[in-house]
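K.L.:
just to be clear, the model below is a prediction. Sequence and coordinates:
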Amino acid sequence: MARGRFVAPAVVGIILEELLERDLACAPHVLAGLAVDLDAHAPTVREVVESLTPEQRHGHRPLPSPLPLVPSIARRFETVELESHDRQLLLALSVSLEDDLEPLLAFDGRSASEVAAAPVGDRLRVHAGRVRFVDARLSIWIRATSSAATTAIVHERLSTVFRARGD
């Protein structure tokens with residue numbers, strides 16, 4: 001689930017009603033988690049729910065990680081062009097298990113103000129030593145459009161950062 005995000009129960013209820021109209025039953029806790037992870041974007045939530053197995057929709061099996069790259073996410077970011085350095089930073093945030101800013105800065109090599117001033121800064125929300133995506137769906141897109149080799153490199157670099165911190 002996306003860190004530091006909240007979706008009002010009424011919004012989840014509206015999305016659930018739409019899903020039920022399409023004969024797509026989904027456990028409320030699963031739907032609430034998806035709504036948070038997908039910025040409560042109803043078309044994206046619907047597409048992801050449609051891609052899940054009944055066991056996943058009902059909470060009997062874990063959801064895929066990352067969530068699938070569905071058409072609405074692909075369309076949302078189809079024109080995004082990123083420098084390799086910025087792409088790796090976003091990928092590092094996407095695969096990180098916490099939202100602590102300091103390890104990402106160590107990974108990236110830039111200061112928080114430099115990252116914020118860079119083009120990638122518009123895609124990040126940095127506050128009080130924490131960082132997250134402005135649009136949580138970018139995490140899914142960045143993971144789905146990154147090569148396995150790039151992802152492995154990012155994991156290794158993050159591992160080095162966390163080992164240096166004693167984590």
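P.N.:
Received the coordinates, thanks. Numbering: from 1, shown residues only.
K.L.:
so who does the residue most central in space within the chain touch?
P.N.:
The geometric centre of the chain, computed from its C-alpha atoms, lies nearest to S139 (Cα atoms, centre = their mean), at 3.2 Å. Contacts of S139 were listed using Cβ atoms under 8 Å, 6 or more residues apart in numbering, and they are A2, P66, L90, L93, S94, F133. The way it works is simple: take the backbone N, C-alpha and C, and place the C-beta from them, glycine included.
K.L.:
top of those by number of neighbours, please.
P.N.:
Counting neighbours by other Cβ atoms under 10 Å, the top entry in the contacts of S139 is L93, with 25 neighbours.
K.L.:
thought that one was touching L101?
P.N.:
No: counting by Cβ atoms under 8 Å, L93 does not reach L101; the two are 9.5 Å apart.
K.L.:
sec struct for the nearest residue to P9 once chain neighbours are set aside, please.
P.N.:
Leaving aside its chain neighbours, P9 sits nearest to A32 (7.7 Å; criterion: Cβ to Cβ, 6 or more residues apart in numbering). The local conformation at A32, judged by DSSP: H, G, I helix; E, B strand; the rest coil, is helix.
K.L.:
the residue most distant from the middle of this protein, which is it?
P.N.:
The chain, farthest from centre, Cα atoms, centre = their mean: E21 at 27.3 Å.
K.L.:
report the longest helix in this protein, please.
P.N.:
If you go by DSSP state H, the chain has its longest helix at helix 148-165.
K.L.:
counting by contacts, list what that one packs against.
P.N.:
With contacts taken as 3 or more Cβ pairs under 8 Å, 6 or more residues apart in numbering; DSSP states H and E, helix 148-165 sits against helix 84-95, helix 101-108.
K.L.:
enumerate the positions of it that are buried.
P.N.:
Buried residues in helix 148-165, counting neighbours by 16 or more other Cβ atoms under 10 Å, are found at T151, V154, L158, V161, F162.
K.L.:
excluding its backbone neighbours, what's nearest the last one?
P.N.:
In this structure, F162 finds its nearest non-sequential neighbour in P103, 6.3 Å apart by Cβ to Cβ, 6+ apart.
K.L.:
mind telling me what element R61 is part of?
P.N.:
Per DSSP states H and E: R61 is located in neither a helix nor a strand.
K.L.:
quick check: it touching T53?
P.N.:
Yes: when contacts are counted by Cβ under 8 Å, R61 is listed as touching T53 (6.5 Å).
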